[in-house]
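In: Quick check, what structure comes out for this input:
(4 chains)
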2 protein chains.
Amino acid sequence: MQGRDLMPAERQTEILERIRKDGRVLATDLAREFSTSEDTIRRALRDLAAQGLCARVYGGALAISPASGTLLQRRREAVGRKLALGQKMASIIRPGQFVFIDAGSTNVAAARSLPSSIGLTVATHDPTIAAVLADRTDLTLITIGGQVNPLIGAAVDGRALRQVLELRPDLLLLGICAIDADDGLAAFHSEDAQMKRALLERSGSAAIAVLNEKLSASAPFQVGAVDVVADLVVEADAPKKIVSGFELQGIRLHRAKALNMKSSGKHIVSNDTVGSRSSKRP
Amino acid sequence: MQGRDLMPAERQTEILERIRKDGRVLATDLAREFSTSEDTIRRALRDLAAQGLCARVYGGALAISPASGTLLQRRREAVGRKLALGQKMASIIRPGQFVFIDAGSTNVAAARSLPSSIGLTVATHDPTIAAVLADRTDLTLITIGGQVNPLIGAAVDGRALRQVLELRPDLLLLGICAIDADDGLAAFHSEDAQMKRALLERSGSAAIAVLNEKLSASAPFQVGAVDVVADLVVEADAPKKIVSGFELQGIRLHRAKALNMKSSGKHIVSNDTVGSRSSKRP
DNA sequence: CACAATGTTGCATGTTGATGCCTGTTAGTG
DNA sequence: CACTAACAGGCATCAACATGCAACATTGTG
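Out: Numbers count the residues shown, from 1 in each chain, chains lettered A, B, ... in the order given. I've put the predicted structure just below:
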């Protein structure tokens, strides 16, 4: 684990790094790995949270996809499961590829899990994903601009569409709202569906990751048949019956590892207590 | 280990070498290896840090990480003060305006403080700022796409520039690296400066917020004279002497509220002294 | 050579930061 | 509702720290 002793500043950096990488940390784990008391870890997490660098939750801390509001709620659902999917998704990517990452909270997790130093070029129209990758010097990041639809969480207007048509990614990490072996892929918003169609058209290959509840679900706007995707990432306990239907259509199947988190929906404590430092002696 | 006696300068060089090699040094170790007192080591580290060659932390010193840390560290510095500036900055904005928010950690704070329901349209090329605002339904968000420079933390290539030229914002929240009443505004990167010039040209009005250490500092790439900005937000305790120099040029001055929070940079001790180097001119 | 000026060093001083353990409190769980 | 783990705050302790001072070496100057 963490053999050497670390200075406080280093420890905080390490913790921050782990939060960025894994999306979450547990105070108990950190205490063990840094061989220090949990109090010290908690203090460090408190500090980081006070600086707005992570969200303090009961049991540890979460990465702050620096938003708040409705999307945040979606993002907080099934954090652990999405994380597992995201990691598996990231493992599909090969060094040197040009990857377009579509909008969606699962894809945010995938972006977080992108291994360093494999010389990627990444494009995205989702500001949250872009923010996750913005300060990484080990990859080239290209953002797609345009008017951001707050319901979708990405730029999906004509301008964005035009910019997408200038790209030719090797791989597309597609976010999808519903997938069904017969009905294909679908989205909840017309513009979103249009963007996804354009992305599919331009990309060499496509991969999607889906939570169990999206399997054999449906949504109003059709994107395409299921066979437009080459790789499908599902949860460890995805129903075999449904999944085999996709395999029959020649889709490569990837199962994410089952990681048993204590809880997925932890409550965020005191994000706004910026000034909450212990008042020093007089 | 370090048998021979070294002259102070030699020792500093050796220490720097070790910092570069290992990324970190402990004061105690160095004292033992150079067979000198810890005081001497601490003095040396203080010197090096004052020259901006390393980051002084509790226990030793860290390499001033150009790899992953630069932007992150910048974001971690002076959080509270930036927050105060950001809030004041946000209060300048009037309902219904079209605001462009330039890159920079102070502007991230400003974005966070944007009051809801004043019907704004906001444009930005900084993914972090975009992410902060991505799911707000009470404003229209337009992102500017392009290749993101990880040192600047925003899209600043030709594509981004072209998109900027299509906009005509009422107000520009300009991020700036250095400002001086005589030398004007300046940035650390050529592309960044170019982008800022384009933004200034297109915008009806401009406002900037600056930490004390940026006042009367200088940076390599000129952006423009100080009178291109209409509003200047400074900290509560900004030196009156310097500030009045700006007022004389007809700039509206706004003082942020003094929020007395303890510490934001506790671990990283006074990295701000870096700015004092650039602020002294021959 | 004498002598002052300067700079470096180690030590003693008091101050601050970091940590672990203690207390009581609160959030999550069955 | 009872139980446990995680929590915040207080406190004692120790390490790291800044500062002032005196001793010493180095250099420059008369």
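
In: longest strand anywhere in chain A?
Out: strand A:205-210 (DSSP state E).

In: what are the ranges of the strands in the stretch 51-200 of chain A?
Out: In the stretch 51-200 of chain A, the segments counted as strands under DSSP state E, counting those that start in this stretch are A:54-57, A:60-63, A:98-101, A:121-124, A:140-143, A:146-149, A:154-155, A:171-174, A:178-180, A:184-187.

In: So which of those is the most surrounded?
Out: strand A:154-155 (a mean of 30; mean count of other Cβ atoms under 10 Å in any protein chain shown). Quick note: C-beta positions are derived from backbone N, CA and C, even for glycine.

In: Check the gap between the nearest residue to residue A:47 once chain neighbours are set aside and DNA strand C for me.
Out: Among residues not flanking residue A:47 along the chain, residue A:12 sits closest, at 6.9 Å (Cβ to Cβ, 6 or more residues apart in numbering or on different chains). Between residue A:12 and DNA strand C the computed distance is 9 Å (Cβ to the nearest atom of the strand, to the nearest Å).

In: Next: residue A:191.
Out: Per Cβ to the nearest atom of the strand, residue A:191 is found 36 Å from DNA strand C.

In: For that residue, which residues are in contact?
Out: Shown in contact with residue A:191 (Cβ atoms under 8 Å, 6 or more residues apart in numbering or on different chains): A:149, A:152, A:156-157.

In: run the last query once more with 7 Å
Out: Going by Cβ atoms under 7 Å, 6 or more residues apart in numbering or on different chains, residue A:191 touches A:149, A:156.

In: next one: residue A:174
Out: A:102, A:196, A:199, A:206-208, A:229.

In: Likewise for residue A:129?
Out: Applying Cβ under 7 Å, 6+ apart to residue A:129 gives the contacts A:101, A:107-108, A:111.

In: The residue nearest to residue A:47: what secondary structure?
Out: Per DSSP: H, G, I helix; E, B strand; the rest coil, the local secondary structure of residue A:12 is helix.

In: just checking, residue A:116 touches residue A:135?
Out: No. At 12.0 Å, residue A:116 does not count as touching residue A:135 under the criterion of Cβ atoms under 7 Å.

In: The two - which one has more neighbours?
Out: residue A:135 (23 against 13; other Cβ atoms under 10 Å in any protein chain shown).

In: which stretches of chain A form helices?
Out: A:8-22, A:27-33, A:38-50, A:70-76, A:79-92, A:105-112, A:127-133, A:158-164, A:190-202, A:240-247 (DSSP state H).

In: Just the mean pLDDT for the longest one, thanks.
Out: Right, helix A:8-22. Averaged over helix A:8-22, pLDDT sits at 88.

In: so how far is that helix off the chain centroid?
Out: Chain-centre distance of helix A:8-22: 18 Å, with Cα atoms, centre = their mean, to the nearest Å.

In: Can you show me the CA trace of it as CSV?
Out: Only the C-alpha atoms of helix A:8-22 are listed here, as CSV (Å, rounded to 0.1, in the frame of the first residue of the first chain):
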residue,chain,number,x,y,z
PRO,A,8,0.3,16.4,5.0
ALA,A,9,0.3,18.2,1.7
GLU,A,10,1.3,15.1,-0.2
ARG,A,11,-1.3,13.1,1.5
GLN,A,12,-4.0,15.5,0.5
THR,A,13,-2.8,15.5,-3.1
GLU,A,14,-2.8,11.7,-3.1
ILE,A,15,-6.3,11.7,-1.7
LEU,A,16,-7.4,14.1,-4.3
GLU,A,17,-5.8,12.0,-7.0
ARG,A,18,-7.7,9.0,-5.8
ILE,A,19,-11.0,10.9,-5.7
ARG,A,20,-10.4,12.0,-9.2
LYS,A,21,-9.5,8.5,-10.3
ASP,A,22,-12.1,6.4,-8.5
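
In: before we move on, back to that, residue B:128: which of the helices of chain A is closest?
Out: helix A:127-133 (4.6 Å; Cβ to Cβ).

In: CA atoms only for the closest one - export them in CSV, please.
Out: Taking C-alpha atoms only, helix A:127-133 is exported to CSV below (Å, rounded to 0.1, in the frame of the first residue of the first chain):
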residue,chain,number,x,y,z
PRO,A,127,-18.8,20.3,-20.2
THR,A,128,-18.8,18.0,-17.2
ILE,A,129,-16.6,15.5,-19.0
ALA,A,130,-14.5,18.2,-20.4
ALA,A,131,-14.0,19.6,-16.9
VAL,A,132,-12.9,16.2,-15.6
LEU,A,133,-10.2,16.0,-18.3
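
In: Just the buried residues of that helix, please?
Out: A:127-133 (16 or more other Cβ atoms under 10 Å in any protein chain shown).

In: Count the neighbours of residue A:210 for me.
Out: 23.

In: Check residue A:91 too.
Out: Per other Cβ under 10 Å, the neighbour tally for residue A:91 reads 15.

In: swap in residue A:95?
Out: By the criterion of other Cβ under 10 Å, residue A:95 has 9 neighbours.

In: one step back: the residue nearest to residue A:47 and residue A:48 touch, don't they?
Out: Yes. Counting by Cβ under 7 Å, residue A:12 does reach residue A:48; the two are 6.3 Å apart.

In: Point out where chain A drops to low pLDDT.
Out: Low-confidence segments of chain A, defined by pLDDT under 70: A:1-4, A:65-80, A:258-282.

In: quick revisit: tell me the most buried of the helices of chain A?
Out: Among these, ranked by average contacts under mean count of other Cβ under 10 Å, first place goes to helix A:127-133 (a mean of 29).

In: List the contacts of residue A:219.
Out: A:177-178, A:186-188.

In: re earlier: for residue B:8, state which of the contacts of residue A:174 is nearest.
Out: Proximity of the contacts of residue A:174 to residue B:8 (Cβ to Cβ) peaks at residue A:102, which lies at 57.2 Å.

In: What values do phi and psi take at the residue nearest to that closest one when sequence neighbours are not counted?
Out: Nearest residue to residue A:102 in three dimensions, chain neighbours excluded: residue A:175, at 4.3 Å (Cβ to Cβ, 6+ apart). Backbone geometry at residue A:175, expressed as degrees, to the nearest 10, gives phi -90, psi 140.

In: Domains in chain A, by residue range?
Out: Following automatic domain parsing, one finds the domains of chain A at A:8-63, A:71-255.

In: mind putting those in TSV, distance to residue B:43 included?
Out: Below are those laid out as TSV (distance: least, Cβ to Cβ, whole Å):
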stretch	distance to residue B:43
domain A:8-63	20
domain A:71-255	33
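
In: I'd like to know which of those is closest to residue B:87.
Out: Closest approach to residue B:87 among the domains of chain A is made by domain A:8-63 (13.6 Å; Cβ to Cβ).

In: Run the chain-centre distance for the closest one.
Out: Averaged C-alpha coordinates place domain A:8-63 at 19 Å from its chain's average position (Cα atoms, centre = their mean).

In: quick one: it near DNA strand D?
Out: Yes. Interface with DNA strand D: domain A:8-63 contributes A:27-28, A:38-39, A:42, A:46, A:56-60 (Cβ under 7 Å from any atom of the strand).

In: can you redo these as JSON lines with distance to residue B:219?
Out: What follows is the residues of domain A:8-63 next to DNA strand D, written out as JSON lines (distance: Cβ to Cβ, whole Å):
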{"residue": "A:27", "distance to residue B:219": "41"}
{"residue": "A:28", "distance to residue B:219": "45"}
{"residue": "A:38", "distance to residue B:219": "43"}
{"residue": "A:39", "distance to residue B:219": "42"}
{"residue": "A:42", "distance to residue B:219": "39"}
{"residue": "A:46", "distance to residue B:219": "34"}
{"residue": "A:56", "distance to residue B:219": "36"}
{"residue": "A:57", "distance to residue B:219": "39"}
{"residue": "A:58", "distance to residue B:219": "44"}
{"residue": "A:59", "distance to residue B:219": "44"}
{"residue": "A:60", "distance to residue B:219": "40"}
